[in-house]
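Visitor: coords please:
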Amino acid sequence: METSCGDLTTVEIELNGVRVRGSYRVMGKTVVAYFDEKIKFVDYGMDRPETVAKWLLSDLSRAKPRKQRMW
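Guide: Numbers count the residues shown, from 1 in each chain. The predicted structure is shown next:
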């Protein structure tokens, strides 16, 4: 399911039975995906930007949380 909000588009995937929602935008030939406070980007080449955004969202949602630095 995708809904557009200006140039930022919401995308939803199902990962291990859990629905995960993020957003992405296309800038030139690059897809920029956003999930929580994480950002990942890649050139989409021959693939559709929507497909690449779902792959990036999958990667971002599987990533282990980083430890907070204590200053």
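Visitor: next SSE after the helix or strand of the chain with the lowest mean pLDDT?
Guide: Of the helices and strands making up the chain, the lowest-confidence element is strand 2-5, at a mean of 52, by mean pLDDT, DSSP states H and E. Using DSSP states H and E, the helix or strand that follows strand 2-5 in sequence is strand 8-15.
Visitor: buried ones in that following strand, by neighbour count?
Guide: Within strand 8-15, the residues that count as buried by 16 or more other C-beta atoms under 10 Å are 9, 11, 13. C-beta: built from backbone N, CA, C; applies to glycine.
Visitor: between those, which is nearest residue 30?
Guide: Using C-beta to C-beta, residue 9 comes nearest to residue 30 of the buried residues of strand 8-15, at 14.0 Å.
Visitor: for this protein, just list every one of the strands.
Guide: With strands called from DSSP state E, the chain shows them at 2-5, 8-15, 18-27, 30-35, 38-43.
Visitor: and those, which is most packed in?
Guide: Comparing the strands of the chain by mean neighbour count (mean count of other C-beta atoms under 10 Å), strand 30-35 ranks first with a mean of 20.
Visitor: partners of that one, with directions?
Guide: Strand 30-35 sits in its sheet next to strand 18-27 (antiparallel), strand 38-43 (antiparallel), going by DSSP bridges.
Visitor: and the angle for it with strand 8-15?
Guide: 60 degrees (axes from the mean of the first three to the mean of the last three C-alpha atoms, to 10 degrees).
Visitor: now strand 30-35: average pLDDT?
Guide: On average, the pLDDT along strand 30-35 is 96.
Visitor: same thing with stretch 47-58?
Guide: 96.
Visitor: buried residues in it?
Guide: 49, 52, 53, 54, 55, 56, 57, 58.
Visitor: mind checking how far it is from the chain centre?
Guide: Once both centres are worked out by C-alpha atoms, centre = their mean, to the nearest Å, stretch 47-58 turns out to sit 7 Å from its chain's centre.
Visitor: what of stretch 32-44?
Guide: 5 Å.
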